[in-house]
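Q: Pasting a predicted model and its sequence here:
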Amino acid sequence: MAELTKESFKRVEPGRFDSDSIARPTVTYWQDAWRRLKKNPIAMFSLVLLFLCLLMVIFAPSLRGLDYISINSKTKYLEPNSTYWFGTDNLGRDLFSRVWVGARVSLIVAMACTVIQIVVGCAYGGIMAYFGGIVDEIMMRIVEIITSMPSMLITLLIMMVLDKSLGALLLAMCITSWCGTARQMRGMIMQLRESEYVMAAETLGAKPSRIIVKHLLPNTLSILILNVASSIPRYIFSEASLSFLGMGLDSNQISLGVLISNGQAALDLYPHLLIWPAVVLCIIVLAFNLLGDGLRDALDPKLRQ
Amino acid sequence: MIKYTIRRFFVMLFTLFIIATATFFLLAAVPGDALTARTERLQEKTVINLYKKYGLDKPLMERYLITMKGLAVGDFGESIVFEGQTVQSIIRDKGPISARLGLQTMTLGVGVGLILGIIAAMKKGTWIDYAIVTLSILLISIPHLIFGMLLQKVFGAELRWFPIIGWPKGKDLWFGGWEYTVLPTLTGCFSYIASYARLLKTSMLDVMNQDYILTAESKGLSRWQIIRRHVLRNSFIPVMTNLPMSVAMCITGSFFIESIFAIPGFGKYYVEAVSTRDVSIVMGQTVIIAAIYIVVVFLTDILYTVIDPRIRIRGGKK
């Protein structure tokens, strides 16, 4: 047995073996989500794709410098070539520029609808959860009634009643869409208000503003981001479908839906008129859907390995 | 439970009332009406008589009361644009067409979707799983109408396998004329395949992580037994609750398919009625579609409590 001498022992300064200290820097929820999103190649690919689409939507119409508004009878129905990359339409206008201008309109419509949906939904849901009681009861009934209406019918009716302008389209597509967001927000805020860490923050004397900024917002933000990612493609679809039924924007305005429905008329002889707008629409929607899928994985802490 | 059902029933009636009222006044707010274009070149006396025939000469509130009374007893009035047609006759003639399209689309879509979902969940992490997930995202990223036109172009115009437009009539209404229904059914079913595959997969993975699956495994049950007895039963709850909503959505969803393939169904008629401002038909169809939709939503809520005992128990405590 080894001898225990005085040399076997050494004086240790307190704090050297501080096991409580955190070795790694703390990672916030958002840093963590971003890290996981970066690891997902498909999501990153869709981000790049969306960024490219955004650039095209902004710059492509001026890139070629071709006329896409006035009619030119000499260049009718040209197949795609080196001057007209996507060909020309029935009135001799450059399809490449028209497609991207159309994508711009479709994206603006989709984003505006999403913003309205989120803002109205949050405000409505927040008010329901905040006041509770009779206010909540009445507002919830209203939501119940609106969600039990078939939204397509309402949209069609509104488009018929109002003129086929951008404003009318926004109203028609938004009028029922905010209910889902409002319900989610209400549930989320009510659940959060009851949660222990909000109570703890309150006990520690945190101001309501701090609780909202530090606890309520970050926890609801992930749901809102997912909402945005899934709403935008839905609105792009709705716009295209409505235009196809002749209930969307006026046919002399340029949007992907209008271009597609114009293209269908010439599908048999000049398929490029349908194919290019359809391809661009599918790419944008696909990118949003892939990104949404990646975000769902990244933002859900339960799925973390 | 009974109290809840009764309350919901009155909410349903109230919702229908609001929809009917809103539709009526929306239609009334449009300048001009279904007769404006038709009577442009007619003599004044004929115009007055025409307006009298359809009751459009009466003041707004009186028309509203007449319409609402009619709705209450199921008398929707005669079409202004399509002579001699009533809402009832349209439903009788066009209803089966849309119903068959909807049924075929849903059966195929939901069936294939569920099978793909099960496969994806069981082969989680393999290339099969990724292929199914990618496929479903691809499928929901292509709109109905583009897909429909693509199918028309490839299988109708180029290969000439199937007719491009049309729908079986007469005695073929329910069983027959299959070649006409292939393309529309395919067009419609893809969104169901995608959403149900994803839904069931997520739900199955969720169930597979539960402790009772671990218990079942440690009892020594075979993989197939666990899947059949425990996983599938529990993971079907979200599917069951989504199904009725799909039925309801399928009514309005078929609007597009019917207009792409020129199928003379309920939806096509509705869109036509809306664009020609055929007030009585729009009113009738809106109320009927809304009623089907509302009843289905209501049944979903009831079904939800019936198939999942956990909710029933929680609801009973309240």
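A: Happy to help now that I have it. Just so it is clear, the model here is predicted, and its values are computed rather than measured. Numbering: from 1, shown residues only, chains lettered A, B, ... in the order given.

Q: can you map out the strands along chain A?
A: With DSSP state E, there are no strands along chain A.

Q: And A:Ser231, how far from A:Asp297?
A: Relative to A:Asp297, A:Ser231 is positioned 19 Å away (CB to CB, to the nearest Å). Every C-beta, even on glycine, is put in place using the N, C-alpha and C of the backbone.

Q: Looking at these two, which is more packed in?
A: Taking other CB atoms under 10 Å in any protein chain shown, A:Ser231 and A:Asp297 do not tie; A:Ser231 has more neighbours (22 against 16).

Q: wait, doesn't that one sit right on A:Trp178?
A: No - the criterion here is CB atoms under 8 Å, and A:Ser231 misses it with A:Trp178 at 10.2 Å.

Q: Could you name every residue contacting both of the two?
A: A:Gln117 (CB atoms under 8 Å, 6 or more residues apart in numbering or on different chains).

Q: Now whatever residue of the stretch 101-250 of chain B ends up closest to chain A: closest residue in space, sequence neighbours ignored.
A: Closest residue of the stretch 101-250 of chain B to chain A, CB to the nearest CB: B:Ser141 (3.9 Å). Nearest non-adjacent residue to B:Ser141, counting by CB to CB, 6 or more residues apart in numbering or on different chains: A:Leu286, 3.9 Å away.

Q: Give me every residue in the stretch 151-300 of chain B that's in contact range of chain A.
A: Within reach of chain A by CB under 8 Å from any CB of the partner chain, the stretch 151-300 of chain B has these residues: B:152-153, B:157, B:248, B:251-253, B:255-256, B:259, B:270-271, B:274-275, B:277, B:282, B:286, B:289-290, B:293-294, B:297.

Q: list the contacts for B:Cys250?
A: Counted by CB under 8 Å, 6+ apart, B:Cys250 has contacts B:102, B:105-106, B:188.

Q: ah, wrong one, I meant A:Asn81
A: Applying CB under 8 Å, 6+ apart, the residues near A:Asn81 are A:Gly87.

Q: And for B:Arg229?
A: Counting by CB under 8 Å, 6+ apart, B:Arg229 has contacts B:216, B:221.

Q: any idea how far it lies from A:Ile212?
A: Using CB to CB, B:Arg229 is found at 47 Å from A:Ile212.

Q: ok so, going back, now, which of the contacts of B:Cys250 lie within strands?
A: Checking these against strands, none of them qualifies (DSSP E).

Q: For the closest residue to A:Asp268 other than its chain neighbours, grab the count of nearby residues.
A: Spatially, and ignoring its direct neighbours in sequence, A:Asp268 is nearest to B:Ala157 (6.4 Å; CB to CB, 6+ apart). B:Ala157 sits with 12 neighbouring residues when counted by other CB under 10 Å.

Q: And the residue of the stretch 51-200 of chain A found nearest chain B, what's its pLDDT?
A: Nearest to chain B, among the residues of the stretch 51-200 of chain A, is A:Met152, at 3.8 Å (CB to the nearest CB). Per-residue confidence (pLDDT) for A:Met152: 74.

Q: That one touches B:Phe255, doesn't it?
A: Yes - counting by CB under 8 Å, A:Met152 does reach B:Phe255; the two are 6.7 Å apart.

Q: Around chain A, pick out the residues from the stretch 1-150 of chain B.
A: Residues of the stretch 1-150 of chain B lying near chain A (CB under 8 Å from any CB): B:11-12, B:14-15, B:18-19, B:23, B:26-27, B:29-30, B:133, B:137-138, B:140-146, B:149.

Q: could you list every residue that touches A:Pro277?
A: Contacts of A:Pro277 (CB under 8 Å, 6+ apart): A:95, A:99, A:102, A:256, A:259-260, A:263.

Q: Okay, now the unreliable bits of the chain?
A: Picking chain A for this. Scanning chain A with the threshold set as pLDDT under 70 gives A:1, A:15-23, A:64-78, A:82-85, A:90-92, A:148-150, A:301-305.

Q: nope, chain B please
A: Checking chain B against pLDDT under 70 turns up B:1, B:30-44, B:51-58, B:74-78, B:80-84, B:165-177, B:179, B:252-253, B:305, B:307-318.

Q: mind giving me the domain ranges of it?
A: When chain B is parsed with automatic domain parsing, its domains come out as B:16-72, B:90-307.
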